[in-house]
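**Q** generate a structure from the sequence data that follows.
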Amino acid sequence: MKKLLIIATAFSLFTGSLSAVDFDWGGVLQNSTDGSSINDLHVTEVVSLSLWGELQVSPMLNFKASGGYRFKYDGSADEPVDHIPEFGALYGYGSNSLINWKAGRFSISDMNKNLFSTLWDGAQFGLRTDKFRIESGIGFTRLIFNDNSNIQMTALDVELAGSGNFLASPRMAEYVEAAFYILPGDGALTAAFLAQQDFRGIFSPDILTTGDGLLHSFYLNVGLKGRIGSMLFYNLYGTGEAGIYNMAEDDASLTLLAGAAGLKLTLPLNVFLKPLITTDLFYASGGTWEERGDYEGSDIDPAGDTLNRYTSFSMNNVGYVYSIGRGNLFYGDVKVAITPLSFLSVSLGSLTLFRSVDGPVSALPVTEANASSSLFLGEEITLAVNIKPLSDLGFQVKGGVFIPNENVVDNGVQYKFGGYFSLSF
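**A** All right, here's what the predicted structure looks like:
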């Protein structure tokens, strides 16, 4: 009788614990199709299907995983069809009113997304109260699929990304940041520190005799974020960067000293059509032609003393017609969006681009031979129409034109158009 009572008690405890476990799953089907005059109007189409699952055991112990497959057709490529697996998440996490943690493969960024935003394998820990919030983390990027990674800091990264290399750049990164809620308008003073190390010399010992260079760097970011009045939201920040560029030639090492600053303003208006106005001003230091023969840095002069072009840890490009890296760039981006119907929004954007110094920039066809001393690069105008008839179903049609300063940028006026579709289930 006692044995039956013990078995019944154990069974009830087990089934009771299972009833507390919650499992949820879903997926996202996406399609994007676009064409650009840059690629002679060859169509690029990407179809992706991803699935996710989440197991919620308790507030402090949960698990989530996601993955999928992406089919890409590029009419301008020699091999136009590409099949790309995606493995975007596999991690445990938990939180309560004081602490939070996460470990595994997950997407991570600093609080304001001013410093970095990427996918890594690692861990994150946070502590928060009503007056402050502190987070720290460590991660490794080597095991990420190359097509899923947005880390391309050096010419070696760019070269290996385009050579069919399956895995991403091998880098270790550590960060710590804090936000102190001491400003009016629910504002905060923020500070973040990020360090990253290039491990390519470990995975490829001969890299410094056959390649270009390895970059080790760290960043310090400070900012102010909050609200002025009841409607105007602001995000003001500055970043300093320092590091060492180890070169192949004669074991040379170059010092990297660079910086960036930005201001983001958001103004939602509670009037007819519900206009939303956003402004993004950004400046990043650059390198001259004498310092770098091209943007990626495959022609860095090892005889120089210091490099000055800002090199972010993760790519956060700007622009629609051209996708432009932020180093040696000064721009102003203004967008106005209206909502004539609950399921329809229309946005108009204007992006004005300058170089910070007379030197190379990303993506744009600017060379030392054709570049004048003018820093103005051109103007991009975009128009997007978004339709969301259901919360899980969305469409977008977008077009843009880039009008260059022809004294600096080759190829003349360029344009791009595309359509996008997303269905969640």
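
**Q** and Gly75, what pLDDT?
**A** On the pLDDT scale, Gly75 is placed at 77.

**Q** now it: closest residue in space, sequence neighbours ignored.
**A** Leaving aside its sequence neighbours, Gly75 sits nearest to His42 (Cβ to Cβ, 6 or more residues apart in numbering; 3.5 Å). (Glycine included, C-beta is placed from N, CA and C.)

**Q** contacting residues around the one you found?
**A** If a contact means Cβ atoms under 8 Å, 6 or more residues apart in numbering, then His42 has 35-36, 74-76 as its contacts.

**Q** got it, and Leu364?
**A** By Cβ under 8 Å, 6+ apart, Leu364 lies in contact with 322, 324, 377-378, 404, 409.

**Q** try Leu224
**A** With contacts taken as Cβ under 8 Å, 6+ apart, Leu224 has the following neighbours: 183, 187-190, 234-237.

**Q** please apply the same query to Val57.
**A** By Cβ under 8 Å, 6+ apart, Val57 lies in contact with 20-21, 63.

**Q** quick one: which of those residues is most hemmed in?
**A** Phe63 (17 neighbours; other Cβ atoms under 10 Å).

**Q** what strand or helix carries that residue?
**A** Under the criterion DSSP states H and E, the helix or strand holding Phe63 is strand 61-74.

**Q** quick one: buried residues of that strand?
**A** For strand 61-74, the buried set under the neighbour-count rule, 16 or more other Cβ atoms under 10 Å, comprises 62-66, 68, 70, 72, 74.

**Q** give the other helices and strands that it contacts.
**A** Applying 3 or more Cβ pairs under 8 Å, 6 or more residues apart in numbering; DSSP states H and E, one finds that strand 61-74 makes contact with strand 43-58, strand 81-95.

**Q** got the buried residues for the helix or strand immediately after the last one in the chain?
**A** Which is strand 81-95. Downstream of strand 81-95, the next assigned helix or strand under DSSP H and E is strand 99-109. The neighbour-count criterion (16+ other Cβ under 10 Å) identifies 100, 102, 104-106, 108 as the buried residues of strand 99-109.

**Q** going by distance to Gly259, which of those wins?
**A** Out of the buried residues of strand 99-109, the one with the shortest distance to Gly259 is Ile108. That distance is 22.9 Å, counting by Cβ to Cβ.

**Q** that closest one touches Gly139, doesn't it?
**A** Yes - with contact defined as Cβ atoms under 8 Å, Ile108 counts as touching Gly139 (6.8 Å).

**Q** need the overlap of contacts for the two.
**A** By Cβ under 8 Å, 6+ apart, the residues touching both Ile108 and Gly139 are 120, 122.

**Q** all strands for the stretch 201-350 of the chain, in order.
**A** Ranges of strands within the stretch 201-350 of the chain are 213-228, 232-247, 253-268, 276-284, 306-307, 330-341, 344-354, based on DSSP state E, counting those that start in this stretch.

**Q** by mean pLDDT, show me the worst of the ones you listed.
**A** Comparing mean pLDDT across these, the lowest value falls on strand 306-307: a mean of 84.

**Q** list the neighbouring strands of that one plus their orientation.
**A** Here strand 306-307 is paired, per DSSP bridges, with strand 253-268 (parallel).

**Q** so for the partner strand, what gets flagged as buried?
**A** Result for strand 253-268 [16+ other Cβ under 10 Å]: buried residues 254, 256, 258-267.

**Q** let's have those residues in CSV, adding distance to Gln56.
**A** Formatted as CSV, those follow (distance: Cβ to Cβ, whole Å):
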residue, distance to Gln56
Leu254, 49
Leu256, 44
Ala258, 43
Gly259, 43
Ala260, 39
Ala261, 41
Gly262, 37
Leu263, 39
Lys264, 34
Leu265, 38
Thr266, 33
Leu267, 38
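
**Q** between the residues you listed, which is closest to Leu329?
**A** Ala260 (9.1 Å).
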